[in-house]
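Enquirer: structure, please.
(2 chains)
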Amino acid sequence: MSTGTTKLDVVVSDVVPVNELVTRFHFRRRDGQLLPTFSGGAHVVVEMRDGERTRLNPYSLMGSPLDTREYTISVRRDDAGRGGSLFMHRHVRRGHEMVISYPVNLFSLDLRARKHLMLAGGIGITPFMAQTAQLAADGGNFELHYTCRTASLGTYADLLRQRYERRVRLYHDDRDERIELDRLLSSQPLGTHLYVCGPSGMIGWVCDRAAALGWPAETVHFEHFAAPQPGAPFDVTLAVSGKTIRVGEQQSLLEAIEAAGVDPPYLCRGGVCGQCETNVIAHDGNFIHNDHWLSEEEHRSCKKIMPCVSRFEGRSLVLER
Amino acid sequence: MGITFRKETFRDDFTFSNSPEHIRRFPFPFHEDSYMYAVNIEPHVLGPKGSVLENLIDVDEHYVAEMQDRALVLAEDPLRCQSLPHMTLAGWDLLELLMEQQALGYPEHFTLTRDGDKWRWINRPLGIDDSFTFGDVSTVPYGPMEYITRQSQGDFCILDQRDGNLWMDAGMVTTQADWSLDFDIGMNFFEWHAPVPLAHEKGIFVRALKFLTNIQQGKPARRLNWTMTINPRLDTSPENYHKWGPDRATVTPENVGDKVHLRVELQSFWRLPRSNGIVFPIRCYLIKMDELVTQPKWARRLHRVIRDLPEELANYKGLTRYRATLVEWLSKLDDGSPTSPGFGPD
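Expert: Okay, the predicted model is just below:
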């Protein structure tokens, strides 16, 4: 029914280098009004007009939900990625007019929790910036464990330490500091909820240990936007719109569908929300499912695909779009 | 110019009625001559001027009387309004939404002024002028949800979203069609829909939940639901079944037009920004048969819908006792000619 979310016309009000990899961008509404209220953990999809191409990347809002005069995001430069973060770093300047989506929250706090235990890895710190601000304002009980490669790459680590002192614990890879996960998970009071955001290896490790130590699944929350993976180009026929398109090496299937003028629904563009789910009508080849939405059984059935992150290798593919 | 609020009752002497303009704006729920469940959800966007969709939160001539009836229900049974401890933030979200929408749609009746978290709310029809600090429960006379829903027509369910499901963890429910917040509170979407026949087999709830958990901020959705009520009674709760249940045996061929009411719920669904919850306002509209049949298209179509309704649905909606009497009465107004497409009167 809906394509993405409602859009917001914004202007880049500030661009602040944070460290050698991360830059922070500030957005204000072009009409001068307040931006919509959001909740900690929400993201926006930022539209980037890169020549002929429109890039759409999701970024967590990291400002305080109590202040909606501006939104802030932090973008980690990925030199080997598909170009969205490089575009932000190289081309987006103060005064740029951009379009972003309304906030969407797929990593919401569970407000029943008596305590919120947060584990961040690298740029995975951004949703926790907003969540800790939200909780701190309301006297919420939280504890944040943050691992980064080196002190100089500990994005906002100083700020967090300054704001929340002993509630923040830092770990630096170059000093061989590791979260003592089993001890940490075993020593939490009843009613604690666990949140993790970071590289997929870290998320897997934390979720596995939590499960092994008896944490109920509904108390474990994670956010991982899989960036679309590059791969060999392939051709797709779109049955409803009657188009045949080619998906390029660096392009996602969703992007190729959009570039062909078809407007499919989406929210996260990272394989977790389920909005762009598409029926497979016919195929001769293999699917490379990279999403976290479809069940293993659905992956094996070859009847559905999440075009935001998944690819195909083979002779022919027909989708219902 | 403003709305002229009616002085009327929804109990005892039942003086409720609709003005001629309100009969024409009634949200008649049948777009064809038969009825079956469907996931009839659409974007909740503004509709034609003069319709119940002229504003996204509708205030009408029954406002003051409905709020008085709600106060009576709550005085007898405070459990009609409940909020689990983690839902207070969602209550503030709802307060903001309803104050904003009512002030936007009806500036002659409601005014909201904000200076940071210092807010002033003027509700002229109910004679309220309150200043308070947004987010500070000690500055409002009730919890935020109760405070604003004592001033807003319709029932309100606030749903917490977690584990891919929706949980009914707060609500103000005083005008319901035979269900109980006190019974359902804390249940998830499938649990509270368990009693509904036929729809589970059709997979409707699985699809509906998927849709609802994807509702986005700034993009509300809506649907219509319906049932029938004998006498214009807003409070048809299970708790008060002994008061309204026996009414169903009082329908005679002589009093059908006055006693039998079509009850339509305009349900809308909104993502709440701070709590990430969903609020589900259920706005109830009542119309007696004598008023409804002033629109010949509605009379003909309602006859066909009620006559052909599957047995399970008629039972679930509690129509069984008086269905034959009603169909017989309506049949005299059905000349067999075709009805035009769409909901509106001709």
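
Enquirer: tell me which stretches of chain B form strands.
Expert: B:42-43, B:81-83, B:110-115, B:118-123, B:128-133, B:155-162, B:165-172, B:221-230, B:260-271, B:278-288 (DSSP state E).

Enquirer: turn the ones you listed into CSV, columns for mean neighbour count.
Expert: Glycine gets a C-beta too; all of them are placed from N, C-alpha and C. Compiled in CSV, those are given as follows (neighbours: other Cβ atoms under 10 Å in any protein chain shown):
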stretch, mean neighbour count
strand B:42-43, 10
strand B:81-83, 21
strand B:110-115, 15
strand B:118-123, 18
strand B:128-133, 14
strand B:155-162, 24
strand B:165-172, 24
strand B:221-230, 19
strand B:260-271, 22
strand B:278-288, 22
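
Enquirer: among those, which is nearest B:Phe28?
Expert: B:Phe28 sits nearest to strand B:260-271 of all the strands of chain B, at 7.4 Å, using Cβ to Cβ.

Enquirer: is it fair to say A:Gly285 lies in a strand?
Expert: Yes. The assignment for A:Gly285 by DSSP: H, G, I helix; E, B strand; the rest coil puts it in a strand.

Enquirer: wait, doesn't A:Val168 sit right on A:Arg161?
Expert: Yes. With contact defined as Cβ atoms under 8 Å, A:Val168 counts as touching A:Arg161 (5.3 Å).

Enquirer: tell me which of those two has more neighbours.
Expert: Using other Cβ atoms under 10 Å in any protein chain shown, the more surrounded residue of A:Val168 and A:Arg161 is A:Val168, with 23 against 17.

Enquirer: in the sheet, who's paired with the more buried one?
Expert: A:Leu144 (DSSP bridges).

Enquirer: center of chain B - which residue?
Expert: B:Arg283 (2.2 Å; Cα atoms, centre = their mean).

Enquirer: state the distance from it to B:Gln176.
Expert: Separation of B:Arg283 from B:Gln176 (Cβ to Cβ, to the nearest Å) stands at 12 Å.

Enquirer: what about A:Asp263, how many residues nearby?
Expert: 11.

Enquirer: now do the SS call for it.
Expert: Per three-state DSSP, A:Asp263 ends up coil.

Enquirer: and the gap between it and chain B?
Expert: 15 Å (Cβ to the nearest Cβ, to the nearest Å).

Enquirer: ok, A:Phe312 next?
Expert: Distance, A:Phe312 to chain B, by Cβ to the nearest Cβ: 25 Å.

Enquirer: now for that residue: which residues touch it?
Expert: Neighbour list for A:Phe312: A:234, A:236, A:247, A:253, A:283, A:285-288, A:305 [criterion: Cβ atoms under 8 Å, 6 or more residues apart in numbering or on different chains].

Enquirer: if we use 10 Å, what do you get?
Expert: In this structure, A:Phe312 makes contact with A:231-232, A:234-236, A:247, A:253, A:280, A:283-289, A:305, A:319, judged by Cβ atoms under 10 Å, 6 or more residues apart in numbering or on different chains.

Enquirer: low-confidence stretches in chain B?
Expert: Counting by pLDDT under 70, the ranges of chain B that qualify are B:1, B:37-39, B:201-202.

Enquirer: so which of the contacts of A:Phe312 would count as near chain B as well?
Expert: With Cβ under 10 Å from any Cβ of the partner chain as the criterion, those include none near chain B.

Enquirer: related to what we said a few turns ago, are there residues contacting both of B:Arg283 and B:Gln176? Which ones?
Expert: With Cβ under 10 Å, 6+ apart, B:Arg283 and B:Gln176 have common neighbours B:155, B:265.

Enquirer: interface residues of the stretch 151-300 of chain B facing chain A?
Expert: Counting by Cβ under 10 Å from any Cβ, the residues of the stretch 151-300 of chain B close to chain A are B:160-165, B:167, B:169, B:210-211, B:213-219, B:221, B:271-277.

Enquirer: switch the cut-off to 6 Å
Expert: B:162-163, B:216-219, B:273-274, B:276 (Cβ under 6 Å from any Cβ of the partner chain).

Enquirer: which of the residues you listed count as buried?
Expert: Listed as buried from those are B:162, B:216-217, B:219, B:273-274, B:276; burial here means 16 or more other Cβ atoms under 10 Å in any protein chain shown.

Enquirer: which pair in these has the greatest spatial separation?
Expert: Farthest-apart pair in these is B:Arg162 and B:Lys219; separation 20.8 Å (Cβ to Cβ).

Enquirer: burial count for the residue of the stretch 201-321 of chain A found nearest chain B?
Expert: Going by Cβ to the nearest Cβ, chain B is nearest to A:Glu218 of the stretch 201-321 of chain A, at 4.8 Å. Residue neighbour count, defined by other Cβ under 10 Å, stands at 13 for A:Glu218.

Enquirer: next one: A:Asp79
Expert: Close neighbours of A:Asp79, defined as other Cβ under 10 Å, add up to 9.

Enquirer: what residues are up against it?
Expert: By Cβ atoms under 6 Å, 6 or more residues apart in numbering or on different chains, the contact list for A:Asp79 is empty.

Enquirer: and the helices in the stretch 101-250 of chain B?
Expert: B:144-149, B:181-184, B:189-192, B:204-213, B:241-244 (DSSP state H, counting those that start in this stretch).

Enquirer: for these, which one sits closest to A:Met48?
Expert: helix B:204-213 (28.3 Å).

Enquirer: export that closest one as CSV, just CAs?
Expert: Extracted in CSV, the C-alpha atoms of helix B:204-213 (Å, rounded to 0.1, in the frame of the first residue of the first chain):
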residue,chain,number,x,y,z
ILE,B,204,-6.8,-12.3,8.0
PHE,B,205,-5.2,-11.7,11.4
VAL,B,206,-1.8,-12.7,10.3
ARG,B,207,-1.9,-10.3,7.4
ALA,B,208,-3.5,-7.6,9.5
LEU,B,209,-0.8,-7.8,12.2
LYS,B,210,1.9,-7.6,9.6
PHE,B,211,0.3,-4.5,8.2
LEU,B,212,-0.2,-2.9,11.6
THR,B,213,3.3,-3.5,12.9
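
Enquirer: any idea which helix or strand carries A:Ser241?
Expert: Assigned by DSSP states H and E, A:Ser241 falls within no helix or strand.

Enquirer: pretty sure it contacts A:Gly261?
Expert: No. At 7.9 Å, A:Ser241 does not count as touching A:Gly261 under the criterion of Cβ atoms under 6 Å.

Enquirer: look at those two and report which has more neighbours.
Expert: Under the criterion of other Cβ under 10 Å, the comparison of A:Ser241 against A:Gly261 puts A:Ser241 first, with 16 against 9.

Enquirer: now for that one: which residues touch it?
Expert: Counting by Cβ under 6 Å, 6+ apart, A:Ser241 has contacts A:Val262.
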